[in-house]
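Visitor: Sequence and predicted structure are below.
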Amino acid sequence: MSSRLVGVGVGPGDPELVTVKGVNALRAAAVVVVPVMDTGERGRAEATVLHHVEPEKVVRVVFALNERSDRARREAAWDAAGERVAGLLRERGSVAFATIGDPNVYSTFTYLAQTIAGLVPGVVVETVPGITAMQDLAARSGAVLTEGTEPLTLVPVTAGATVLKEALAGPGTVVAYKFGRQAGEVAEALRETGRLGDAVWGSALGLPEESIRPAAELDGAALPYLSTLIAPARRDGGRGGKL
C-alpha cells in the first residue's frame with residue numbers, strides 16, 4: 001500500500017473551527033505531526049489538535065518557523081523535519097500534518113510535501129482545507145470581505161510594505177498577514193491610501209488572549225507576528241451596488 005501524507009488545516013486557533021472532515025482525517029491517521037519551534041513551547045496547531053485526538057498519537061517535529069534571515073538554517077530544519085516525517089510514513093503508513101489555517105495558504109505543509117515527495121517514492125499527498133484567519137477575523141469583527149464584483153487581495157507583509165501599499169491603492173478588500181512586526185509601516189500605508197478608517201486587525205483569534213481592534217489604534221508598537229489585518233473595500237453604502 002502507498003504511504004499517505006495528509007495536510008490538515010486546523011483553523012486559526014479556536015478548536016471548534018476545525019471541520020468535521022479535518023477531525024476525521026486527524027483521527028484516521030496513524031500519526032499526527034504538529035510543527036513546533038526549537039524553543040519547545042506548545043504551538044497553536046498542537047493545542048488545537050489535542051482537543052480532537054489522544055496525545056499518544058501526536059508527534060512534535062521541529063521546524064525553524066521563525067527563521068527568515070538564515071536560509072541555510074531554515075533549509076536544514078526543513079530537511080531534518082522531512083526525514084523525520086518520511087521515517088514515520090515508512091513505519092506507520094499514514095501521517096496527518098496539522099497546520100494552522102489552511103494547508104494551501106502560506107503553510108509549512110507545502111515545503112514538507114515537496115521534501116517528502118523526494119524521500120518517499122509513491123507517497124500520496126492530500127490536503128483538507130481549513131478556516132483561515134481572515135475568515136475568522138471577518139466573523140469576529142463584522143468586516144465583510146467581499147461584495148458583488150469586488151476583488152480580494154491577500155498580502156504577506158513579510159514581502160515588504162511596498163507590496164501592501166500597491167494593494168491598498170487598488171480596488172476591493174485587502175487582507176494583510178504576518179504584519180505584527182511591521183505594524184508601524186502598515187499603519188502608515190493605510191493612512192497614505194485613505195484606508196485606515198474601516199480597517200481592523202486581530203491576533204490570537206479564538207484564544208484567551210484574543211485581541212481585535214480598529215486599525216486606527218495602531219501606534220507603531222510591534223504586535224504578535226501572526227496578526228491579521230482587513231481593510232474593507234471602499235463602499236458607497238448602497239445594497240448590491242456592485243453586483
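Guide: Nice, I can see it. Worth saying up front: this structure is predicted, and the values here are computed from it rather than measured.
Visitor: lowest average confidence, helix or strand, in the chain?
Guide: In the chain, no helix or strand scores lower on mean pLDDT, DSSP states H and E than helix 71-92, which sits at a mean of 88.
Visitor: who are the neighbours of it, in terms of helices and strands?
Guide: Applying 3 or more C-beta pairs under 8 Å, 6 or more residues apart in numbering; DSSP states H and E, one finds that helix 71-92 makes contact with strand 4-9, strand 31-36, strand 58-62, strand 94-99, helix 108-119. C-beta here means a position set from N, CA and C on the backbone, and glycine is covered the same way.
Visitor: okay if I get the ones you listed as JSON lines plus distance to Ala45, mean neighbour count and mean pLDDT?
Guide: Shown next, in JSON lines, are the helices and strands packed on helix 71-92 (distance: least, C-beta to C-beta, whole Å; neighbours: other C-beta atoms under 10 Å; pLDDT from 0 to 100):
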{"stretch": "strand 4-9", "distance to Ala45": "9", "mean neighbour count": "25", "mean pLDDT": "98"}
{"stretch": "strand 31-36", "distance to Ala45": "5", "mean neighbour count": "23", "mean pLDDT": "94"}
{"stretch": "strand 58-62", "distance to Ala45": "10", "mean neighbour count": "16", "mean pLDDT": "93"}
{"stretch": "strand 94-99", "distance to Ala45": "4", "mean neighbour count": "27", "mean pLDDT": "97"}
{"stretch": "helix 108-119", "distance to Ala45": "9", "mean neighbour count": "18", "mean pLDDT": "92"}
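Visitor: Dump the least confident helix or strand of the chain to PDB, keeping only the CA atoms.
Guide: Output of helix 71-92 as PDB, limited to C-alpha atoms (Å, rounded to 0.1, in the frame of the first residue of the first chain):
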ATOM      1  CA  ARG A  71      18.400  30.500   4.900                       C
ATOM      2  CA  ALA A  72      20.800  27.700   5.500                       C
ATOM      3  CA  ARG A  73      19.400  27.000   9.000                       C
ATOM      4  CA  ARG A  74      15.900  27.200   7.600                       C
ATOM      5  CA  GLU A  75      16.600  24.700   4.800                       C
ATOM      6  CA  ALA A  76      18.400  22.400   7.300                       C
ATOM      7  CA  ALA A  77      15.400  22.400   9.600                       C
ATOM      8  CA  TRP A  78      13.100  21.600   6.700                       C
ATOM      9  CA  ASP A  79      15.300  18.700   5.600                       C
ATOM     10  CA  ALA A  80      15.500  17.300   9.100                       C
ATOM     11  CA  ALA A  81      11.800  17.600   9.500                       C
ATOM     12  CA  GLY A  82      11.200  15.900   6.200                       C
ATOM     13  CA  GLU A  83      13.500  13.000   7.200                       C
ATOM     14  CA  ARG A  84      11.600  12.600  10.400                       C
ATOM     15  CA  VAL A  85       8.200  12.500   8.700                       C
ATOM     16  CA  ALA A  86       9.500  10.200   6.000                       C
ATOM     17  CA  GLY A  87      10.500   7.800   8.700                       C
ATOM     18  CA  LEU A  88       7.100   7.900  10.300                       C
ATOM     19  CA  LEU A  89       5.500   7.300   6.900                       C
ATOM     20  CA  ARG A  90       7.700   4.200   6.300                       C
ATOM     21  CA  GLU A  91       6.900   2.900   9.800                       C
ATOM     22  CA  ARG A  92       3.200   3.700  10.100                       C
END
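Visitor: With that, I have no additional questions.
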